[in-house]
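1. Let me see the structure of the following:
(chains A and B)
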Amino acid sequence: MDMQQAASNLQRGIGLPPSVATVLIWNSDSFQGLKVWIDAAYRGKLPDIPAAYGGYTVLVERRPEIFAL
Amino acid sequence: MADAAGAIFALTNNHVSGGCSYTDVNFPIVAPGLLDVRPNGHDPFTLGHHATVAPWTSGIPDNVDVTANIDAAIFRLKDAAAVSSMQRTGYDTPLTTIAPVPGMVVRKIGRTTGDTSGMIVAQAVGFVPVAMEVSQFRGTIYFDNIYIIQGAGGQPFSDRGDSGSLIVNTDAAGQKHATGLLFAGSGDQSLTFMIPIDKVLGHFNVTLVGGHNV
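-> Here you go, the predicted model:
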């Protein structure tokens, strides 16, 4: 499974509304894999998100606040 | 940028010149922007007149289709002979585009942070919420197909006022290609968000203009 497909599958299968969870394909010096950003204001129960998916490491983080510049 | 008839437009974000879709058509777009006008500074002059915005839909993706959302606007230049396609004194606007990919090294010249370099570190597969606040509108708009940049050397790639910057990549042969339109950033300035430029140009059915009064 390529990374794009893995990310799309994870986004669909994560069990959270699309407004709450954002899956990202990440490739930086500090991390390579899939990140799952969870809305910082979300107060519901989080599903079990696997530490690896499709052969890629998965990291769950709070989604940063994003502002128009 | 130019349309099929050769008319030249300037490109920026909807939240910059489009008033988050509330700017009247033909409204004057001035430079310096009104936020930059100050005593003993440059007097503003009319750069052009608002033409149109790319559409966006408010609301969360659970309820409404936000997949067409683009933060972009164009305005008709008042006097195309009075402006240049140069990105300040750094480089000319490239005529070609390249699809962004995580790992790509990029550069931009912007109003606030000037000439900065960085790397595309991520592609959002899901939706990204962006807080918009202008005089006519305040709310959160969701976008998909967004790419994320980190500045080189741990420095911010952008800051408030840099929206609308054209983000470019230089290939192995030294040729520059446009890859994105800067529009948002994280609160801690560590991340910059861009829209793929092909999505923007495709929506307006325009092409980039280079070599203009260079």
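2. where does chain A dip in pLDDT?
-> For chain A, no stretch has pLDDT under 70.
3. Run through the helices of it in chain order.
-> A:3-13 (DSSP state H).
4. all strands of it, in order?
-> If DSSP state E is used as the criterion, the strands of chain A fall at A:21-27, A:32-39, A:52-53, A:56-63, A:66-68.
5. And those: which comes nearest chain B?
-> Closest approach to chain B among the strands of chain A is made by strand A:21-27 (3.7 Å; Cβ to the nearest Cβ). All C-beta atoms are positioned from the backbone trio N, CA, C, and that covers glycine.
6. Parallel or antiparallel, list what pairs with that closest one.
-> strand A:32-39 (antiparallel), strand B:114-124 (antiparallel) (DSSP bridges).
7. which phi and psi does B:N213 have?
-> phi 50, psi 40 (degrees, to the nearest 10).
8. List, one by one, the residues from chain A near chain B.
-> A:4, A:7-8, A:10-11, A:17-19, A:21-28, A:35, A:37, A:39, A:63-69 (Cβ under 8 Å from any Cβ of the partner chain).
9. Show me which of the residues you listed are buried.
-> A:7-8, A:10-11, A:18-19, A:21-27, A:35, A:37, A:39, A:63, A:66-69 (16 or more other Cβ atoms under 10 Å in any protein chain shown).
10. Rebuild the strands paired with strand A:21-27 as JSON lines, extending it with distance to B:D43.
-> Listed next are these as JSON lines, based on distance: least, Cβ to Cβ, whole Å:
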{"stretch": "strand A:32-39", "distance to B:D43": "44"}
{"stretch": "strand B:114-124", "distance to B:D43": "23"}
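11. tell me the pLDDT at B:D36?
-> The model reports B:D36 with a pLDDT of 89.
12. Name the residue closest to the centre of chain A, please.
-> Nearest to the mean C-alpha position of chain A, counting by Cα atoms, centre = their mean, stands A:V36 at 1.5 Å.
13. dump the residue contacts of the residue lying closest to that one once chain neighbours are set aside.
-> Spatially, and ignoring its direct neighbours in sequence, A:V36 is nearest to A:V60 (4.8 Å; Cβ to Cβ, 6 or more residues apart in numbering or on different chains). The neighbourhood of A:V60, defined by Cβ atoms under 8 Å, 6 or more residues apart in numbering or on different chains, consists of A:35-36, A:38, A:46, A:49.
14. among those residues, which two are most distant?
-> A:K35 and A:L46 (14.7 Å; Cβ to Cβ).
15. Distance check, the residue nearest to B:I8 when sequence neighbours are not counted against B:H212.
-> Leaving aside its sequence neighbours, B:I8 sits nearest to B:A80 (Cβ to Cβ, 6+ apart; 4.5 Å). In this view, B:A80 and B:H212 are 8 Å apart by Cβ to Cβ, to the nearest Å.
16. Now do the shared contacts for these two.
-> Residues touching both B:A80 and B:H212 (Cβ under 8 Å, 6+ apart) are B:I8.
17. Which one's more surrounded, those two?
-> B:A80 (18 against 15; other Cβ atoms under 10 Å in any protein chain shown).
18. That one is in contact with B:A10, isn't it?
-> No: taking Cβ atoms under 8 Å as the definition, B:A80 is not a contact partner of B:A10, at 9.6 Å.
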